[in-house]
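Engineer: Here is a sequence together with a model predicted from it:
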Amino acid sequence: MMKPHLADLLLDHIDRTVPVLQIGRDRMQFYPGAAFAGLASNAYAQSWKAWPSKEPSGSQWFAIHLDAIGIFWEVDYVIWGKRCAFVSTTDHRFYWADGKPGLAWRVLRPLFLDWMLKGALAGVFGPDYLRGLASDPVLLDEYDEHLEAMATLLARYEIE
């Protein structure tokens, strides 16, 4: 759970960037929207409410486009032999047991929130946001706790 000051900063960034979830038509059977409901304007808990993209996705499972600033966070999901999948995001890559539940909620949501938080901090403090964070002890403390939680997540799932 993100601490309140960081959460406020993150939610402001989400509101400003207008995230939109896009899933390839061929990937709708594994709908990740429930994990991103509230974070992307069109991510719903029920897959039948979602509109898939018009094009096949190839290895891409889904992407979250930040419409207001024109960048995106994408997730590729490639199935290897023996029920193993290679998952990669904009910043990370790791292996996951194909079909094992919890990928979107337990792993991808926190990775997306971390990516968005870095963007929010850069928007407020500039690209070298750690220097700006040093001037705000409350935010710095909350960010240190966030980094510890992320390090635990990365180690637990062997994420590079």
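Structural biologist: Now that the structure is in, tell me what you want to look at.

Engineer: buried sites along stretch 137-156?
Structural biologist: Leu139, Glu142, Tyr143, His146, Met150, Leu153, Leu154 (16 or more other Cβ atoms under 10 Å). For every residue, glycine as well, the C-beta is placed using N, CA and C.

Engineer: ranges for the strands of this protein?
Structural biologist: Along the chain, the stretches classed as strands by DSSP state E are 19-23, 60-66, 71-80, 84-88, 93-97.

Engineer: buried stuff in the last one?
Structural biologist: Of the residues in strand 93-97, those scored as buried under the neighbour-count criterion (16+ other Cβ under 10 Å) are Phe94, Trp96.

Engineer: That one vs strand 84-88, what angle?
Structural biologist: Interaxial angle, strand 93-97 versus strand 84-88 (axes from the mean of the first three to the mean of the last three Cα atoms, to 10 degrees): 150 degrees.

Engineer: Mind giving me the packing neighbours of strand 93-97?
Structural biologist: strand 84-88 (3 or more Cβ pairs under 8 Å, 6 or more residues apart in numbering; DSSP states H and E).

Engineer: Parallel or antiparallel, which strands does the strand it packs on pair with?
Structural biologist: strand 71-80 (antiparallel), strand 93-97 (antiparallel) (DSSP bridges).

Engineer: Same list as before, those that is, but in TSV and with distance to His65 and mean pLDDT included.
Structural biologist: TSV is the format used below for the strands paired with strand 84-88 (distance: least, Cβ to Cβ, whole Å; pLDDT from 0 to 100):
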stretch	distance to His65	mean pLDDT
strand 71-80	4	90
strand 93-97	21	95
